[in-house]
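Asker: pasting a predicted model and its sequence here:
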Amino acid sequence: MNDQNDGDVKSSSKNAIESIVENSMDSDKKDFIEDHELNLGLDTLAVRAGISRTSEGEHCEPIFTTSSYVFDSAEQAAARFAGDEDGNVYSRYTNPTVRTFEDRIAALEGAETAVATSSGMAAILTTCMALLESGEHIVCSRSVFGTTDVLFTKYLKKFGISVSFVTLTDYDQWQAAITDKTKLLFLETPSNPLCEVADIERVSAIAKSNDCLLVVDNCFCTPALQRPIEMGADIVIHSATKYLDGQGRCLGGVVVGRHQEMDEVLAVIRTCGATLSPFNAWIFLKSLETLRIRMQAHSCNALELAWWLNEQPEIEKVFYAGLPTHEGHVLARKQQSAFGGVLSFRVKGDRDEAWRFINAMKILSVTANLGDTKTTIVHPATTTHSRLSDEAKQQAGITENLIRIAVGLEDIKDIMADCQRGIAALSAG
Ligand SMILES: Cc1ncc(COP(=O)(O)O)c(C=O)c1O
């Protein structure tokens, strides 16, 4: 995927398909795949893309736990360091297991290539470091993960990069906020935690007509449900910590896009070292194999819970794009293949009531992560979004009575029974 390793491949999906052909197929299968390569489905790519089998003939992808690589000679070492010869150099920026993960996620997103990072925040930071200069400007949706807001307003500001926040679905605001210094437009859709849905094609058109790049955080949907690059996004960001892992085991991130921009992102990783470990890359690889099945199951459970919560008199409002009453429902139907596993809702009352609901849980885990098989519940105003100013919280709709649930894969009746305990705790108050 980068200049040291994969030479001149046109796209990672193509590269991934070629590696299936080169490494694991006899000639009949090879011919078959070559004849059908454009039709390989998402589930096939999720299981097989990026595999580069060693001479040991292993079936499962190996974990290359090595910091560095041995060169045949001083000449070869020099050529590798100079980028004149393809091949591994040092695991801060070249590792076969990490590369398999990068190739696979690029194939799933329909992108040319990808660069893995140590966390989702590292993915956002390295993208900004790679593509922005001091004096330049970001336009960002107000409805983003709290730490993304802090990164932009507190830390990038120190290096002369400014940010303007806009309402995710107000396209006039996106256009109006752009200046001659604007380089990046940044959004999450569906957003965290209110599940607002942005029209990616529309924001992409605004980005293109102003010579800016559109970056989409696709964490809530994953490529199993939504492929922003097909809708005009230039770059996709993931916190792999969430659904790409899917079982709450390790942190990681990835930036997906064209070689042109990703070469810059990789150069930042090479220099600054926000590298994904091969072990974590391997975990993500194994998880990608079940990504679509999991995302469908998360979505089914979440839809059922959203309908049920919506009928409870103690609940003020449910935010889930699967509900026909949600503002983004029609758009979500168009650009997503299901509605995802995260929903949020406001209880009638204030922080006390929200905490009472959360404290009544017997099964759901009170934790800030999402995208786990285990259902998680959190109070955004005092956790994930606690570092936002009161004004920013108010503008982003992060009220004290808001609760976010990332619906897992437990039996839905048990998830609902826990929420029923939460409702009972509200009534008891
Ligand atoms: C939408 C979104 N983007 C990015 C991140 C940051 O990811 P990480 O925790 O892997 O740094 C998160 C974390 O919760 C998130 O929810």
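Answerer: Cool, the structure landed. Numbers count the residues shown, from 1 in each chain.

Asker: what does the chain have sitting close to the ligand?
Answerer: Ser119, Gly120, Met121, Phe145, Glu188, Asn192, Asp217, Cys219, Ser239, Thr241, Leu251, Gly253 (Cβ under 6 Å from any ligand atom). C-beta coordinates here come from the backbone N, C-alpha and C atoms, glycine included.

Asker: now the first one. Nearest residue, chain neighbours left out?
Answerer: Of all residues not flanking Ser119 in the chain, Leu251 sits nearest, at 4.5 Å (Cβ to Cβ, 6 or more residues apart in numbering).

Asker: that neighbour contacts Ser118, doesn't it?
Answerer: Yes - counting by Cβ atoms under 8 Å, Leu251 does reach Ser118; the two are 6.7 Å apart.

Asker: Phe186 falls within a strand, correct?
Answerer: Yes - counting by DSSP: H, G, I helix; E, B strand; the rest coil, Phe186 is part of a strand.

Asker: and it, how many neighbours?
Answerer: Neighbourhood size, Phe186 [other Cβ atoms under 10 Å]: 24.

Asker: so what's it up against?
Answerer: The neighbours of Phe186, taking Cβ atoms under 8 Å, 6 or more residues apart in numbering as the test, are Ile124, Ile138, Val139, Cys140, Ser141, Val144, Thr148, Phe152, Val215, Asp217.

Asker: which ones among the residues you listed are found in helices?
Answerer: With helices taken from DSSP state H, the overlap with the contacts of Phe186 comprises Ile124, Thr148.

Asker: give me the subset of the contacts of Phe186 lying in strands.
Answerer: Among those, the members falling in strands are Ile138, Val139, Cys140, Ser141, Val215, Asp217 (criterion: DSSP state E).

Asker: so what's the fifth one bridging to?
Answerer: Read that as Val215. Phe186, Ile235 (DSSP bridges).

Asker: which stretches of the stretch 101-250 of the chain form strands?
Answerer: 113-117, 137-141, 162-166, 182-188, 213-217, 235-239 (DSSP state E, counting those that start in this stretch).

Asker: what are the pairing partners of the first one, and which direction each?
Answerer: For strand 113-117, the paired strands and their directions (DSSP bridges) read strand 253-257 (antiparallel).

Asker: which other residues reach the very next helix or strand once past the partner strand?
Answerer: Note on strand 253-257: by DSSP states H and E, the next helix or strand toward the C-terminus is helix 259-272. Around helix 259-272, the neighbours that count as contacts under Cβ under 8 Å, 6+ apart are 1-3, 92-93, 112-115, 117, 126-127, 129-131, 213, 234-235, 255-257, 274-275.

Asker: repeat that for 6 Å
Answerer: Asn2, Tyr93, Glu112, Thr113, Val115, Thr126, Thr127, Met129, Ala130, Val255, Thr275 (Cβ atoms under 6 Å, 6 or more residues apart in numbering).

Asker: which pair in the residues of the chain next to the ligand spans the largest distance?
Answerer: Farthest pair in the residues of the chain next to the ligand (Cβ to Cβ) is Glu188 and Leu251. Separation: 18.1 Å.

Asker: compare those two and say which one has the larger neighbour count.
Answerer: Glu188 (23 against 19).

Asker: output the below-cut-off pLDDT ranges for this protein.
Answerer: Along the chain, the model assigns pLDDT under 70 to residues 1-38, 429.

Asker: OK, now which residue of it is nearest to the ligand?
Answerer: Using Cβ to the nearest ligand atom, the closest approach of the chain to the ligand is made by Gly120 at 2.3 Å.

Asker: can you name the residues bridging to the nearest residue to that residue once chain neighbours are set aside?
Answerer: With Cβ to Cβ, 6+ apart as the criterion, Gly120 has its nearest non-adjacent residue at 2.5 Å, and that residue is Ser239. Going by DSSP bridges, Ser239 is paired in beta bridges with Gly253.

Asker: distance check, Ser239 against Gly252.
Answerer: To Gly252, Ser239 is 8 Å away according to Cβ to Cβ, to the nearest Å.

Asker: neighbour count: those two, which is higher?
Answerer: A side-by-side neighbour count of Ser239 and Gly252, using other Cβ under 10 Å, places Ser239 first with 30 against 27.

Asker: show me what contacts that one?
Answerer: Contacts of Ser239 (Cβ under 6 Å, 6+ apart): Gly120, Cys219, Gly253.

Asker: mind putting those residues in JSON lines, neighbour count included?
Answerer: What follows is the contacts of Ser239, written out as JSON lines (neighbours: other Cβ atoms under 10 Å):
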{"residue": "Gly120", "neighbour count": "25"}
{"residue": "Cys219", "neighbour count": "26"}
{"residue": "Gly253", "neighbour count": "28"}
